[in-house]
Every structure is written in C-alpha cells, then in structure tokens.
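**Student:** When you get a sec, could you give me coordinates for this:
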Amino acid sequence: MGPDFWIGLGVGILGICVTIVIFIYQEREPRISVECELDKDANPSVIHCTVHNSGRGEGKDIYLGFNGILPAQTMLFSNPEYGIEIHETPHKISVLSDYPNSSKILVAFSVFIPRISKKSRIDFEIKTMHPQNIRASKQIVIIRKDIENIIRNFYQRLYETGRTSAITFDVSTLISARHKEENFFHPGTFSYKSGKFPITFFTDDEKISNAIHSDLYAKYKARDIDLFKSSSSYEAPLLRITTVEGEANVTIFPPYVSSYVIAQANLSEIKEKGYAEFSFGTGAHNA
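**Tutor:** Residues are numbered from 1 along each chain as shown. This is a model prediction of the structure:
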C-alpha cells in the first residue's frame, strides 16, 4: 500500500474524529424552548410560563420578552432558587397612544433567567397586582360572555344560510384565541446564546381560526349587523400601566359590544399640575 492510501486513511479517520467531537459538543449544548399559557379561568391579569431545557448542557442568560404595555404592579412568582428577575423597559405615553399597532411589537419588560440545568424545566407566573387592573380583568370576564354569544350566533347564521364552509369552523378554538388576546401580557421572543426564538403562546389552530374569522367578519358584518348590536352596554375596562413618564390609564374597548367611558377630572390635580390625566384607548369599539 502506497503513501496515498495511508494519507487518505488518515484524513478519513481525522474527519470521523472531528465529526464525533462536534456531535459530542452539540449534544452538550442547551436546547431551550418557552411556552406560555392562561390559567384555567383564562384570567386576563395572569399568565403562566414554562422554560424547558431538553439539551445536555446548562442554559445561561436567558431573556424572555413581553411586548406592548407594562401593567402597573406587575410581579413575578417563582421558586426563589431560580433567581429570576423582571427588567422593565416601559414606553412613552405618546408612543403607546399614537402608534398602538407598532407598540405591540415593542418589548415592555423582560424576564431574565440566569441559568437552567440540563434536562430540566422552570415554571413561573406573572400577574398584575394593581387593584384597578384586577377590577378590569373581572369586567373583561363578564363582557366576554356577551361577546362569545355574539360570535356563536354569527357562525350559526352562516351555517344555517349556507354562505360559507363554516360547518367545519371550530368556534371554541376562536374563543380560546380571543382569551389569549384579552390577556394583559403578550409573550414575544426569547433569546440565549443560540439565538432568538418565538415564545409559544397561540397554537397554529388558533392562528388559523383568527385569520378565517377576520375574513368572514369583514365580509358579512354589514349583512348581519343586527347580531352585533348588543342590548347591553358596558363600562369600558380601565387598565393602569407603567410608562416612562409614570403611571397612566388605558381604556380597553372590547369588540362587538357597546361600551362607554366615565371620565372624571381631578380638581386638585388640575390646581397642582395645570392639567388632569385622562386615559387613551386600545382595542376595537363596535357600537
């Protein structure tokens, strides 16, 4: 056997060794995934999240971003041994009020996890403890019953009149997606040394149901407007949030129902500041 054979054999063996080393190294890397979900009552003021590490290496310096608004008195509950922290990055009132859609993709606060052991998971809960926000969440739960009845009646009519293939449409999946949209906390992305990835919150079926509903609602709303004229009128929930300038109010206008706002001027505030603080709104108002 000539030198070329031995050189080729050596290169082949070296390649195999390098492949094995790379495989072993990769197997020792962390593999992080994050999912968030509502509690059993779909309470808008609380969200549960789980961080999984399915890899064989320890995960370090993991950041979870939550977008949009930062509810006042937002607190995190978890095992103190995890050392999890909330890093607030509130926005200006003008950004939230003038650019409501763009602000939905801006990070309002991050959850920092210093480390997670291999083949393990970390669970935590985020909730707003502000009394005004707790009241707002209770209002939303009450209003959603009317909204869900309207949605069900809408699809029942579409089915009965044979206008769409709505017979295969799962209304319960759409309602599940709506509950997640109503939540005060909006998971965005998480990052660690391997890159940035989306936090799992909405299921694929929920995303599809939302998209189909948007098309059907836009197409048939005018024809079935009577279904969207609720006999009830609700006080719009008022959410207290944290901004760069301090705390402020956000009025939430639920869709498909009539809602109103009670505005009260604080005379002492006017005397002290020269103006009174009022809220700006978010959401759709269908009167």
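**Student:** shaky segments in this protein?
**Tutor:** Within the chain, the stretches with pLDDT under 70 are 1-27, 165-168, 230-231, 263-287.
**Student:** and with 90 instead?
**Tutor:** Low-confidence segments of the chain (pLDDT under 90): 1-28, 93-104, 156, 158-170, 221, 223-233, 255-287.
**Student:** Tell me where it has helices.
**Tutor:** 3-27, 93-98, 131-161, 171-182, 204-220, 267-273 (DSSP state H).
**Student:** Contacts made by the shortest one with the rest, please.
**Tutor:** Put plainly, it is helix 93-98. Helix 93-98 has contacts (Cβ atoms under 8 Å, 6 or more residues apart in numbering) with Ile69, Ser102, Ser103, Leu106, Ile241, Thr243, Val244, Glu245, Ala248, Val250, Phe280. Quick note: C-beta positions are derived from backbone N, CA and C, even for glycine.
**Student:** and if we set it to 7 Å?
**Tutor:** Residues outside helix 93-98 that contact it (Cβ atoms under 7 Å, 6 or more residues apart in numbering) are Ile69, Ser103, Thr243, Glu245, Ala248, Phe280.
**Student:** ok, of those residues, which one's closest to Val111?
**Tutor:** For these, the residue nearest Val111 by Cβ to Cβ is Ile69; the value is 15.7 Å.
**Student:** Return the set of residues that bridge with the nearest residue to the closest one once chain neighbours are set aside.
**Tutor:** Leaving aside its chain neighbours, Ile69 sits nearest to Ile241 (4.8 Å; criterion: Cβ to Cβ, 6 or more residues apart in numbering). Beta-bridge pairing of Ile241 under DSSP bridges involves Pro71, Ala248.
**Student:** OK, contacts around the residue nearest the centre of the chain?
**Tutor:** Closest residue to the average C-alpha location of the chain: His186 at 2.2 Å, with Cα atoms, centre = their mean. Contacts for His186 (Cβ under 7 Å, 6+ apart) come out as Phe66, Asn67, Gly68, Lys104.
**Student:** taking those one by one, which sit in strands?
**Tutor:** Phe66, Asn67 (DSSP state E).
**Student:** Pick the one among the contacts of His186 closest to Phe190.
**Tutor:** Distance to Phe190 across the contacts of His186 (Cβ to Cβ) is lowest for Phe66, with 10.2 Å.
**Student:** and that closest one, how far is that from Val34?
**Tutor:** Between Phe66 and Val34 the computed distance is 11 Å (Cβ to Cβ, to the nearest Å).
**Student:** got the end-to-end distance for stretch 97-116?
**Tutor:** End-to-end distance for stretch 97-116, by Cα to Cα, to the nearest Å: 38 Å.
**Student:** and if you look at stretch 32-44?
**Tutor:** 26 Å.
**Student:** and that stretch, which residues are buried?
**Tutor:** Neighbour-count burial for stretch 32-44 flags Ile32, Val34, Cys36, Leu38, Ala42, Asn43, Pro44 (criterion: 16 or more other Cβ atoms under 10 Å).
**Student:** try stretch 209-218
**Tutor:** For stretch 209-218, burial by neighbour count (16+ other Cβ under 10 Å) applies to Ser209, Asn210, Ile212, His213, Leu216.
**Student:** tell me, how many neighbours does the nearest residue to the second one once chain neighbours are set aside end up with?
**Tutor:** Nearest-residue entry for Asn210: Ala177, 5.0 Å, with adjacent residues in sequence omitted and distances by Cβ to Cβ, 6+ apart. Under the neighbour criterion other Cβ atoms under 10 Å, Ala177 is assigned a count of 21.
**Student:** With Ser258 instead?
**Tutor:** Here the number of neighbours of Ser258 (other Cβ under 10 Å) works out to 18.
**Student:** Please name the nearest non-neighbouring residue to it.
**Tutor:** Here the residue nearest Ser258, using Cβ to Cβ, 6+ apart, is Ser233, at 4.3 Å.
**Student:** How many residues are close by that neighbour?
**Tutor:** Neighbours of Ser233 (other Cβ under 10 Å): 10.
**Student:** what about the residue nearest to Ile69, distance to Leu70?
**Tutor:** Counting by Cβ to Cβ - Ile241 and Leu70 are separated by 6 Å.
**Student:** between those two, who's got more neighbours?
**Tutor:** More neighbours surround Ile241 than the other of Ile241 and Leu70, with 26 against 23 (other Cβ under 10 Å).
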